[in-house]
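Trainee: Show me the folded form of this:
(4 chains)
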Protein chains: 4
Amino acid sequence: MATKRKLRYGMVGGGQNAFIGAVHRLAANLDGQIELVAGAFSSDAKNSQTTGEQLFLNPSRVYATYEAMAKGEAALPADERIDFVSIVTPNFLHAPVAIEFLKRGFHVVCDKPMTLTVKEAKALREVVRKSGKVFALTHNYTGYPMVKEARELVRTGKLGKILKVVAEYPQGWLLDKIEDSGQKQAAWRADPKKAGASCCVGDIGTHAENLGRYITGLRIEELCAEFTSFIPGRKLEDDANMLIRYHGGAKGVLHCSQISCGEENNLNIRVYGTKGSLAWQQEHPNELKFIAKGEAARILRRGNDYVSDVAKKFTRLPFGHPEAFIEAFANIYLEAVAAIRASIAGQPSLKSSGSAGKKGTFDHPTVDDGVEGMAFIETCVKSAASNGKWTKFPKFQN
Amino acid sequence: MATKRKLRYGMVGGGQNAFIGAVHRLAANLDGQIELVAGAFSSDAKNSQTTGEQLFLNPSRVYATYEAMAKGEAALPADERIDFVSIVTPNFLHAPVAIEFLKRGFHVVCDKPMTLTVKEAKALREVVRKSGKVFALTHNYTGYPMVKEARELVRTGKLGKILKVVAEYPQGWLLDKIEDSGQKQAAWRADPKKAGASCCVGDIGTHAENLGRYITGLRIEELCAEFTSFIPGRKLEDDANMLIRYHGGAKGVLHCSQISCGEENNLNIRVYGTKGSLAWQQEHPNELKFIAKGEAARILRRGNDYVSDVAKKFTRLPFGHPEAFIEAFANIYLEAVAAIRASIAGQPSLKSSGSAGKKGTFDHPTVDDGVEGMAFIETCVKSAASNGKWTKFPKFQN
Amino acid sequence: MATKRKLRYGMVGGGQNAFIGAVHRLAANLDGQIELVAGAFSSDAKNSQTTGEQLFLNPSRVYATYEAMAKGEAALPADERIDFVSIVTPNFLHAPVAIEFLKRGFHVVCDKPMTLTVKEAKALREVVRKSGKVFALTHNYTGYPMVKEARELVRTGKLGKILKVVAEYPQGWLLDKIEDSGQKQAAWRADPKKAGASCCVGDIGTHAENLGRYITGLRIEELCAEFTSFIPGRKLEDDANMLIRYHGGAKGVLHCSQISCGEENNLNIRVYGTKGSLAWQQEHPNELKFIAKGEAARILRRGNDYVSDVAKKFTRLPFGHPEAFIEAFANIYLEAVAAIRASIAGQPSLKSSGSAGKKGTFDHPTVDDGVEGMAFIETCVKSAASNGKWTKFPKFQN
Amino acid sequence: MATKRKLRYGMVGGGQNAFIGAVHRLAANLDGQIELVAGAFSSDAKNSQTTGEQLFLNPSRVYATYEAMAKGEAALPADERIDFVSIVTPNFLHAPVAIEFLKRGFHVVCDKPMTLTVKEAKALREVVRKSGKVFALTHNYTGYPMVKEARELVRTGKLGKILKVVAEYPQGWLLDKIEDSGQKQAAWRADPKKAGASCCVGDIGTHAENLGRYITGLRIEELCAEFTSFIPGRKLEDDANMLIRYHGGAKGVLHCSQISCGEENNLNIRVYGTKGSLAWQQEHPNELKFIAKGEAARILRRGNDYVSDVAKKFTRLPFGHPEAFIEAFANIYLEAVAAIRASIAGQPSLKSSGSAGKKGTFDHPTVDDGVEGMAFIETCVKSAASNGKWTKFPKFQN
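Mentor: Numbers count the residues shown, from 1 in each chain, chains lettered A, B, ... in the order given. Got it, this is the predicted structure:
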């Protein structure tokens, strides 16, 4: 590791009453590799200021706008200014903020979905490519060690040829129309101007798609989507069910929901192949069920000697000492940090792998995953808008 | 109970190497209400004879053909001949056998799917109606006490308005092409002449549909089906995924599979409403998960005082002494027996309820469920044949 | 199988409001190998008569007392009279009834605990030995296929040398003093005259001991017992905790309870050896967890090809079609029936194995298990009475 | 919060190849409330130095000995020196290090078990009391929100009077004699000079005892302990089983093991009362099972509105986003930090509550818990040494 210091970062978004910004900070704190030194936490300057105080920041590094922050940080001496920015705003700001910081030479960690549209995603990809900077997208669920173990099982042929993928992401928190009563998280997610053309698929369905792609490497050929907005007056869908045809003949079922009473954050996936199957549940993340054909189900558990080196690499605690959401999130940060350190050290040939099974040195989702995710959302929206017609998934030149 | 004796029954099908016939016999034995006295167990007369011997039958009541049996039994004195016949043959024989026995005045218990086509199903329904005899279809999974409890939760409004139903029935036993190597169960199920136009949906998907209908009372308005025959050379589908629109606005996902490696017989259902949700798994049948909105999940367990009278009625053992598949199957028989006893006692006004939520005295699936099940299969086949187009479910005058 | 007919049996005990008698009948019915033809169901003649009617018995075979039944059946022609008797009375009657029938030449199936005292148990053993008749004790939990699989794992060395056994049997049904309010099951179990010197250990602790011995073959060297009668006024213990030293150095923890709120019938056992461990829970009986040292936990499930022939032998349904309590109970009956058929066929050299790991043809608990069980109960009582002093387990010459 | 800055801490122990030191650092990092600025990480100066470098410390604050560190830090200006020290050494160093830092005016966070003997524990308690400084003992499992919820259920009477407690802590990592092959964690734990008179009870049994006391408030009256050293040549016990009598009549079973093959870190507890019961497992920490008498089991899950304010206070993420070991550990740190901030702000009247149910402002284990824990260990050792005789638990004047 070339840079013998903590990396410095700033945050855009994540003020009081925000959710995901606080999660990013916990994840960034965890390993003692990063320190928060700047922020533009809210479009409300008072909120931003208060947040900065609570986080023990130097008031001079708490900015009223992200533009001021980008400019201000760029103007600081190299050994003071931030190394990267974390973008944790509502979706519609992701691209403009990212572009602003990339153009001034900062690396970027960005929440998902990456943009509002595929078009915007591609434009951002262009900026990233030209910048040569690290861009890490926080599809955080791929940070779990046992998800990486699942990917290894597929990669090493333990499942044989993949036949079927069932991915689910049911939640129940939008069963009431809480966006009308000041619940900030709900308000922007249900607003097309801030969230984009989809609520449920954009917020959580895209995680399920990314998780499936990360584990299996399968690409979608076409899909059929059924969107429902169950709560009267809600503008975007709060429930979505998809049938999927993958390139190569595998089939998929992917459904997600925000109105499934009693479901918390039940992302889960099952993958069935000709030689074996696997099952993983986000709410019990330390376990991975694997069944080889004709054999008893095995419950693989994080931290044991028998798991792959890949899973071990992302493990902090011994078996039986459970790790969970924050650690997985922090794994994305750890890899982004490693990539940024490599970039600072002038090792631009080291690449990140992303979720599509490409070979890479750093294992975090990339801007390509962001484009792919937006394409998934748009294809679902398009199919749903045509009464559930089977709709082709666009091809990309990644 | 008017008839102070065990009922007598005969069996068509269920010879050596058959599966479901033996299950029917265990279920029929369990409660000491029925005795097996006759049979035409196989199209192979030797098999039939051997089976009869093993079952301690009087050789004169072991017949070479079902026609001979119907005729022979009808010719016996009333206090000797069978009260009803159990039909446990491959699908293509269900209707002809049932009609043969109904016409000679016997009650019928019949395995599912009821027939090969909707047309045949409707014809059989006509015969049943004219006969005035009891016809019980063994959609056995609705015999589980906790399935009945689930239905009660819906019926009494604990879930509010139903929004979404997710029903799954994955199995893995046809991952190899065992129909080619003499596995009798696989051979007829994969043969369109014996099984009908569907393998996976006909064999197990129809159970998932029936279960959903039994619990929720919802009727399908249209569906979109994706069939796959993953194993080269297999004529019928071994995997099927369906999106469903129910009358009244609820949505459904139903998927079933016979090639999902490691899955045994994992029928399960989740129902989400505006006030609560429930989840039930066939492989852990003594438990029913219920979550009222805003409250902790409750694990309702068979045999406790807090379950409904309906669930209690179908319970033999105290809590903690698990009941399972055979008991559920036997519950279908118990209700059929009660209906047959009522018929014998001249109480024709007592009706069976079937799975569509109709009020009835006896809680077993009926010939109407058979017609509905065939309509489900045919609609799925039709949608799948049109590349997954959304396809209307036919209406019936039940 | 020499006797080409169903065996005939009679029942002593098991009238209305009884529990275990009904269970025995379900188990005896299940496989169509046995028919109930006689009974003395209750010390209340009216109860006995009504029970006989409900079971469709010939009134002439429904007796007012067990003595009358033994005498009456013995007087019937050989091709009419019962082959064996099932004794399902409260504990204090087991020995006298068994002796009465054994002396008249009948085989016996008897509920547990076998007697009131070790002395009485040994006396009964003498009668059994002299009679040459089959005596099967219904320690029913050893009838579960996955318990037999557990025993096979130990027997074939998969666990290495056994180090530790943890057996639990918590229930909660006696948390209220229901023996005072007419609950028949509770009333006799809490009455020293009818149940013997122990309530909790005699009723359920003995099952846990028998299960551990069946699986591991370990014999107790000494133990330390803590009895508590938590409910004021209750004469016998309703909770018992034991530490155990086995011959050969293994250690054990065995605790049982009838006042553990919310526990239903949660018999479970964990066995830890130098090479592996296993865990089994009666309320989820189709699964057996096995962990080989250094490997992932495997969930062995009933009905799969990978389980042992011993487990397969006691399996009726394919994997995923759950079996449960009644089937396990019926497995004890099946083996008793096989032993009785062998005896009828004049094959006295075929022996039953019992639970202590002896080699035998028929796998059911024997009169030796009854003696051992009584010794366990008495040793616990003795230790508890001496304020939990470590107390030697007596040696037997089986 | 009076001190508007991060607290500064130093660490004694926790060099390369250590386990618990790294855990302390992750926990201290998580919430951004504390920064690590100094350390004496190992008795090996090179190890200490390398560790300091990896943690980005100023080399001048990396010390060769804890004495040098205490002296050095005390000599720094008030706005530079550490606020508290974290002691993460093997057991035998806890007391000397703590006393060294307390005497120089530093607050202390210390790993458990607190000392080698009760005598030493009492001496340390005297020093703590005289110092007026905060002393937090990291019985980390009481930091889990659902453990706090369990305590609330008991405290608010939901379980009624407690009758029985079953606490288990099986592990399997010492099944091989890895202390001989350079496994550092095993080496000192199995060495009486470094670990004290007990291995298994001192390392993990004491957690189970503390957890039970924290949840129920029950104090042990007497106990009976069975120690075994299963691995030849091992000097201390690697397996221990205890029966417990609590003051007030409740009974307990507590067993722990380091040779239970396949067990990872399976601390779990069940508490049974007259009105309800609860069950919690450390490996699935986000769930707490609660059964009110006569009602269905409820699965309480962290983060929901229905949990108590106490549990909510220690929750960072919404329901369904699992938290785990590090977060629980961090909760101990958060409360210690709050107590230290109060102390710095001159609010000495604010007290910590400890695990014995005393009322207090800050919810972290105290030096009193350390004394109690040592008394538990010594009483177990004493009983085991007298062949499992029931042995009185000493009384303390806390």
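Trainee: ok, stretch A:326-339 near chain D or not?
Mentor: Yes - Stretch A:326-339 reaches chain D (CB under 8 Å from any CB of the partner chain) through A:326-327. For the C-beta atoms, the positions are set from N, CA and C on the backbone; glycine is no exception.
Trainee: Per-residue pLDDT of the spatially closest residue to A:Thr50 that is not a sequence neighbour, please?
Mentor: Spatial nearest neighbour of A:Thr50, excluding adjacent residues (CB to CB, 6 or more residues apart in numbering or on different chains): A:Gln16 at 6.4 Å. In this model, A:Gln16 is scored at 91, pLDDT.
Trainee: isn't A:Gln16 right next to A:Lys46, touching?
Mentor: No - applying CB atoms under 8 Å, one finds A:Gln16 not in contact with A:Lys46, separated by 9.5 Å.
Trainee: follow-up on the earlier one: ok, the residue nearest to A:Thr50 to chain B distance?
Mentor: A:Gln16 sits 25 Å away from chain B, going by CB to the nearest CB, to the nearest Å.
Trainee: Can you report how many residues neighbour that residue?
Mentor: 16 (other CB atoms under 10 Å in any protein chain shown).
Trainee: what's near enough to touch the closest residue to A:Leu159 other than its chain neighbours?
Mentor: Nearest non-adjacent residue to A:Leu159, counting by CB to CB, 6+ apart: A:Gly273, 3.2 Å away. The contact partners of A:Gly273, taken as CB atoms under 8 Å, 6 or more residues apart in numbering or on different chains, are A:154, A:159-163, B:261.
Trainee: Same check on A:Gly52?
Mentor: Contacts of A:Gly52 by CB under 8 Å, 6+ apart are A:39, A:41, A:59, A:61-62.
Trainee: ok, 7 Å please
Mentor: A:39, A:41, A:59, A:62 (CB atoms under 7 Å, 6 or more residues apart in numbering or on different chains).
Trainee: what do you get for A:Ile215?
Mentor: Counted by CB under 7 Å, 6+ apart, A:Ile215 has contacts A:147, A:150-151, A:154, A:269, A:271.
Trainee: And A:Gly172, by the same measure?
Mentor: A:259-263.
Trainee: ok, now with 8 Å
Mentor: A:257-264, B:272, B:277 are the contacts of A:Gly172 under CB under 8 Å, 6+ apart.
Trainee: Also A:Leu317?
Mentor: A:303, A:323, D:23, D:325-326.
Trainee: if we can go back for a sec, the contacts of A:Gly172 into CSV, with extra columns for secondary structure and neighbour count?
Mentor: Output for those, formatted as CSV (DSSP: H, G, I helix; E, B strand; the rest coil; neighbours: other CB atoms under 10 Å in any protein chain shown):
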residue, secondary structure, neighbour count
A:Ser257, strand, 31
A:Gln258, coil, 27
A:Ile259, coil, 26
A:Ser260, coil, 30
A:Cys261, coil, 24
A:Gly262, coil, 26
A:Glu263, coil, 24
A:Glu264, coil, 23
B:Tyr272, strand, 29
B:Ser277, strand, 29
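Trainee: closest to C:Gln33 among the residues you listed?
Mentor: B:Ser277 (44.0 Å; CB to CB).
Trainee: To which secondary structure element is the residue lying closest to A:Lys289 once chain neighbours are set aside assigned?
Mentor: Spatially, and ignoring its direct neighbours in sequence, A:Lys289 is nearest to A:Ala279 (4.3 Å; CB to CB, 6+ apart). Using DSSP states H and E, A:Ala279 falls within strand A:276-281.
Trainee: Packing partners of that strand?
Mentor: Judged by 3 or more CB pairs under 8 Å, 6 or more residues apart in numbering or on different chains; DSSP states H and E, strand A:276-281 is in contact with helix A:145-155, strand A:268-273, strand A:287-292.
Trainee: on that earlier part again, just the buried ones from the contacts of A:Leu317, in ChimeraX syntax?
Mentor: A single ChimeraX command selects the buried members of the contacts of A:Leu317 (16 or more other CB atoms under 10 Å in any protein chain shown):
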select /A:303,323 /D:23,325,326
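Trainee: Can you tell me which of the contacts of A:Leu317 lies closest to A:Gln33?
Mentor: Nearest member of these to A:Gln33, counting by CB to CB, is D:Ile326, at 15.2 Å.
Trainee: The closest residue to the closest one other than its chain neighbours: neighbouring residues, count only.
Mentor: With CB to CB, 6+ apart as the criterion, D:Ile326 has its nearest non-adjacent residue at 5.0 Å, and that residue is D:Leu26. D:Leu26 has 24 neighbours, counted by other CB under 10 Å.
Trainee: what comes up buried for the helix or strand containing D:Leu26?
Mentor: Assigned by DSSP H and E, D:Leu26 belongs to helix D:20-30. Residues D:20-30 are the ones in helix D:20-30 that count as buried (16+ other CB under 10 Å).
Trainee: For the next helix or strand after that helix, which helices and strands make contact with it?
Mentor: Later in the chain than helix D:20-30, the nearest helix or strand by DSSP H and E is strand D:34-40. Applying 3+ CB pairs under 8 Å, 6+ apart, one finds that strand D:34-40 contacts strand D:7-12, helix D:20-30, helix D:45-54, helix D:66-74.
Trainee: Using CSV, list the CA coordinates for the longest one.
Mentor: Listed in CSV are the C-alpha atoms of helix D:20-30, where the atom choice follows Å, rounded to 0.1, in the frame of the first residue of the first chain:
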residue,chain,number,x,y,z
ILE,D,20,-9.8,-9.3,20.1
GLY,D,21,-7.7,-6.2,19.7
ALA,D,22,-8.8,-5.9,16.1
VAL,D,23,-12.4,-6.4,17.1
HIS,D,24,-12.1,-3.5,19.7
ARG,D,25,-10.7,-1.3,17.0
LEU,D,26,-13.5,-2.0,14.5
ALA,D,27,-16.0,-1.4,17.3
ALA,D,28,-14.3,1.8,18.4
ASN,D,29,-14.1,3.0,14.7
LEU,D,30,-17.6,2.4,13.8
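Trainee: For that helix, name the packing helices and strands.
Mentor: helix A:20-30, strand D:7-12, strand D:34-40, strand D:84-87, helix D:325-344.
Trainee: Check whether stretch A:223-233 comes near chain B.
Mentor: Yes - Stretch A:223-233 comes into contact with chain B (CB under 8 Å from any CB), by way of A:224, A:226, A:228, A:230.
Trainee: Extract the residue ranges of chain A that are flagged as low pLDDT.
Mentor: Where chain A drops to pLDDT under 70, the residues are A:1-3, A:357, A:397-398.
Trainee: any idea which residue of it is furthest from its center?
Mentor: The centre of chain A is farthest from one residue, A:Gly294, which by CA atoms, centre = their mean lies 35.5 Å away.
Trainee: can you tell me how far it sits from B:Lys103?
Mentor: Separation of A:Gly294 from B:Lys103 (CB to CB, to the nearest Å): 47 Å.
Trainee: residues touching the residue positioned nearest the centre of chain A, list them.
Mentor: By CA atoms, centre = their mean, chain A has its centre lying nearest to A:His139, at 1.5 Å. Listed by CB under 8 Å, 6+ apart, the contact partners of A:His139 are A:112, A:206-207, A:210-211, A:214, A:332, A:355, A:365, A:369, A:373.
Trainee: Pull up the residues of the stretch 201-350 of chain A that are close to chain C.
Mentor: So the stretch 201-350 of chain A meets chain C at A:290, A:294-301, A:304-306 (CB under 8 Å from any CB).
Trainee: Inside strands: which ones of those?
Mentor: Among those, DSSP state E puts A:290, A:297-301 in strands.
Trainee: for stretch A:327-339, the distance to its chain's centre please.
Mentor: In terms of CA atoms, centre = their mean, to the nearest Å, the centre of stretch A:327-339 is found 12 Å from the chain centre.
Trainee: swap in stretch A:352-365?
Mentor: The answer for stretch A:352-365 is 13 Å, by CA atoms, centre = their mean.
Trainee: in that stretch, what's buried?
Mentor: Neighbour-count burial for stretch A:352-365 flags A:352-357, A:362-365 (criterion: 16+ other CB under 10 Å).
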